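Visitor: okay, sequence plus prediction incoming.
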Amino acid sequence: MRQTSQIRQRGIRMPKSSRLGLLRDRDFGRLFAATALGQLGDRIIFLALPLVAIAALRADEFQVGLLTSMTTAGSLLVGLPAGAWVDRMRKRSVMISTDLVRALTLLTIPVAWWAGLLTLWWLYAVALAHGVLTVFFDVAYVSYLPHLVGRSKLVEGNSKLSTMRSVTSISGPTLAGPLVGLVGAPATLLVSSAGMALSGLLAITIRKREQKPERSEHHQLGREIKEGLKFVLKHSALRAIMLGDAVFNLFLIMYQSMLLVFLEREIGLQPFGIGLVLSGMGCGALLGALLATTVATRVGQGPVIWLASLVTCPLTVLMPLARPGWSVYVAAIGLAALSLGGVVRVVSQSSFQQAMTPDRLLGRMSATTRFVSWGGIPLGGLLGGASGSVFGATGTLWIGAAGMTLSVLPNFLSPLRTMRTLPTEKAP
């Protein structure tokens, strides 16, 4: 410690390896790179898939909302059993296989477009299949990180991965906007497919593998699902995080389902302008990832979970107040703030969830929280579409902003309000 202090006092720069932290680890570095490629593909999907429906197939508001529902319905369909199944398998293998199959699934959209076969029903089917595969990938991904980096480095690992995801949140829409304008939304999905394929291939090179879970001759899916549910529901902090996320995600999807409709039809933005607005969200997410550890340390790991949403969610009302012209880019500040607060919150709450869960239940914890937290997302898409048909895109953005702000209540009313540090011991 004295030597480190003397080095700082003399103005000598610390070795680059010290600043890299977990990135010095070969396997984490490869997971980091694989995640970057997969997330880049995912961010392009976020812009390109709805624009295939809006611009190429001229879908109405309800049809766009239904497409959003299909994208996220996987959590409702397989959310709970996915955790039990993943806990029986090596997480790395699940990540690789789902990445490669998602890549092939997305590839069918540009192929169908070029063959003149693409319809809204085709989009719905691809969105649903992609969403189901994403559930398995995400459950395995969250469960794999504690094994790869160790529980003592969870906050650093989550923070670095969030930083990278934030960078792709900027670069994805920035890349997708011009690509959609140049080659069309269907062809742009080729980039998404390639990103996910490369992500899966890179994950194959990760050397550190978990021990294969012990096989039981008496596997009972229902009992395993029940064990995961019971574990999450009996912990007040885990329960509050899950419920807060459920409310937030419901209204976020209502908001997002009409955001592109609002920008394209009411503001009159072209794909490049839409990509620029969404890139602002990525800038906020990047800043949030860079600040997450510092903010959580100063504010407290628990309090930051509800404060981050309380401070940033109300700013999303700037978007429905916008009019064609410069004001829409001012309104993008609200979206950037939403992303900033969301990343700060997710880094802290993900570390809480992982630290409080024993290894054998990580998959089921992740699947249970995802099932409840994301289970309302398909409903959010349908409500967003229905609300858009009745109140218009602008009215739906107002409703979404109010609902996201109210999502702070479950966490505020829980022990997280005063829990300043992560648990030091995982549950038995």
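Guide: Received it, and whenever you're ready, just let me know what you need.

Visitor: name the element Ala237 belongs to?
Guide: Assigned by DSSP states H and E, Ala237 belongs to helix 236-261.

Visitor: quick one: mean pLDDT for the helix or strand just after that helix?
Guide: Using DSSP H and E, the helix or strand that follows helix 236-261 in sequence is helix 271-299. In this model, helix 271-299 has an average pLDDT of 81.

Visitor: packing partners for helix 271-299?
Guide: Here helix 271-299 touches helix 26-51, helix 154-183, helix 303-312, helix 327-355, going by 3 or more C-beta pairs under 8 Å, 6 or more residues apart in numbering; DSSP states H and E. C-betas here are computed from N, CA, C, even on glycine.

Visitor: export the ones you listed as CSV, with columns for mean pLDDT and distance to Gly375.
Guide: Below are the helices and strands packed on helix 271-299 laid out as CSV (pLDDT from 0 to 100; distance: least, C-beta to C-beta, whole Å):
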stretch, mean pLDDT, distance to Gly375
helix 26-51, 83, 20
helix 154-183, 73, 23
helix 303-312, 91, 19
helix 327-355, 87, 17
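
Visitor: on that earlier part again, in the helix holding Ala237, what counts as buried?
Guide: Buried residues in helix 236-261, counted by 16 or more other C-beta atoms under 10 Å: 237-261.

Visitor: just put the helices and strands packed on helix 271-299 in JSON lines and tack on distance to Thr369 and mean neighbour count.
Guide: Below are the helices and strands packed on helix 271-299 laid out as JSON lines (distance: least, C-beta to C-beta, whole Å; neighbours: other C-beta atoms under 10 Å):
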{"stretch": "helix 26-51", "distance to Thr369": "20", "mean neighbour count": "23"}
{"stretch": "helix 154-183", "distance to Thr369": "15", "mean neighbour count": "22"}
{"stretch": "helix 303-312", "distance to Thr369": "13", "mean neighbour count": "22"}
{"stretch": "helix 327-355", "distance to Thr369": "7", "mean neighbour count": "23"}
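
Visitor: reformat these as JSON lines; add distance to Ser387.
Guide: Formatted as JSON lines, these follow (distance: least, C-beta to C-beta, whole Å):
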{"stretch": "helix 26-51", "distance to Ser387": "16"}
{"stretch": "helix 154-183", "distance to Ser387": "24"}
{"stretch": "helix 303-312", "distance to Ser387": "21"}
{"stretch": "helix 327-355", "distance to Ser387": "19"}
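
Visitor: residue boundaries of the helices in the stretch 1-150 of the chain?
Guide: 2-9, 16-20, 26-51, 61-72, 74-86, 91-114, 120-149 (DSSP state H, counting those that start in this stretch).

Visitor: could you give me the average pLDDT of the first one?
Guide: Taken as a whole, helix 2-9 has a mean pLDDT of 44.

Visitor: the last one too?
Guide: In this model, helix 120-149 has a mean pLDDT of 85.

Visitor: now that helix against helix 74-86, angle please.
Guide: Relative orientation of helix 120-149 versus helix 74-86 (axes from the mean of the first three to the mean of the last three C-alpha atoms, to 10 degrees): 40 degrees.

Visitor: next, the angle helix 327-355 makes with helix 120-149.
Guide: Using the same axes, to 10 degrees: helix 120-149 against helix 327-355 is 50 degrees.

Visitor: packing partners of helix 120-149?
Guide: If contacts are counted by 3+ C-beta pairs under 8 Å, 6+ apart, helix 120-149 sits against helix 26-51, helix 61-72, helix 74-86, helix 91-114, helix 154-183, helix 327-355, helix 362-375.

Visitor: I'd like those helices as JSON lines, with distance to Val277 appended.
Guide: Compiled in JSON lines, these are given as follows (distance: least, C-beta to C-beta, whole Å):
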{"stretch": "helix 26-51", "distance to Val277": "10"}
{"stretch": "helix 61-72", "distance to Val277": "17"}
{"stretch": "helix 74-86", "distance to Val277": "27"}
{"stretch": "helix 91-114", "distance to Val277": "24"}
{"stretch": "helix 154-183", "distance to Val277": "8"}
{"stretch": "helix 327-355", "distance to Val277": "5"}
{"stretch": "helix 362-375", "distance to Val277": "25"}
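
Visitor: okay, buried residues for the helix or strand harbouring Gly200 please.
Guide: Using DSSP H and E, Gly200 falls within helix 185-204. By neighbour count on 16+ other C-beta under 10 Å, the buried set for helix 185-204 is 185-200, 202-203.
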